[in-house]
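Colleague: Pasting a predicted model and its sequence here:
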Amino acid sequence: MILLINICKENLHYYEFVKPIEDILKNKNIEFKTIYYKQINKDLIEKSEKIIICGTSLKDNEFLKNMNYFQWIKSYNKPLFSICGGMHILGLLFKGKLKKQKEIGLKNIKFEKEFLGLNGIIPVYELHNFYVQSKEFDLYAKSDNCPQAIKHKSKPFYGVLFHPDVRTKNLILNFATLIFMQ
């Protein structure tokens, strides 16, 4: 089972940032459960095979004031994929710094090396006010302005700043169906 973590404070944002991921997984008959980040419990974390932290809107950043709800990630050792705000969470948990950089719309980014099936120059959809940098992650892709795709140096943790729920939906499926060796 894949655990989808909703970081959207506003209910309407769920339909824009979480439901599309649910639909992608449903269409491929991939088992998942969605939960709001403040309702995560140890049992759900242990039952999950993988976790996806969904993104949110430009103004919905309440989760950044509640990083204590994400401390469990530091000891989690299964595959984790984080989108936009989820990438902020990952970076901040691993000694990163949040920096201001607004990007909205379709952009081409360059993957310097293969990342969950993506390589080369790929058009992606951007919607963020910030990015995060952490020395505990390897950089796989960047835009002209900031990091776009990262992977933790020793854990199976992946992060993207762009929104594969809007474009590059195959990235979500690649993560969901990839077999990870523990």
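Modeller: Noted; the coordinates are in hand.
Colleague: rest of the way, CA atoms for contacts and neighbours
Modeller: Will do.
Colleague: Let's verify residue 25: helix, strand, or coil?
Modeller: helix (DSSP: H, G, I helix; E, B strand; the rest coil).
Colleague: Could you check how far it is from residue 119?
Modeller: Distance of residue 25 to residue 119, given as CA to CA, to the nearest Å: 23 Å.
Colleague: For those two, work out which one has more neighbours and name it.
Modeller: residue 25 (18 against 15; other CA atoms under 10 Å).
Colleague: where along the chain do the strands fall?
Modeller: If DSSP state E is used as the criterion, the strands of the chain fall at 2-6, 32-36, 50-53, 80-83, 97-115, 118-133, 137-142, 147-152, 157-160.
Colleague: can I get those strands in TSV with distance to residue 166 and mean pLDDT?
Modeller: As requested, the strands of the chain are exported to TSV (distance: least, CA to CA, whole Å; pLDDT from 0 to 100):
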stretch	distance to residue 166	mean pLDDT
strand 2-6	16	96
strand 32-36	18	96
strand 50-53	15	96
strand 80-83	11	96
strand 97-115	10	90
strand 118-133	7	89
strand 137-142	18	94
strand 147-152	15	94
strand 157-160	13	96
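Colleague: Put together JSON lines for those, with distance to residue 73 on each row.
Modeller: Listed next are the strands of the chain as JSON lines, based on distance: least, CA to CA, whole Å:
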{"stretch": "strand 2-6", "distance to residue 73": "12"}
{"stretch": "strand 32-36", "distance to residue 73": "15"}
{"stretch": "strand 50-53", "distance to residue 73": "10"}
{"stretch": "strand 80-83", "distance to residue 73": "9"}
{"stretch": "strand 97-115", "distance to residue 73": "17"}
{"stretch": "strand 118-133", "distance to residue 73": "17"}
{"stretch": "strand 137-142", "distance to residue 73": "15"}
{"stretch": "strand 147-152", "distance to residue 73": "12"}
{"stretch": "strand 157-160", "distance to residue 73": "10"}
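Colleague: Many thanks, I have nothing further to ask.
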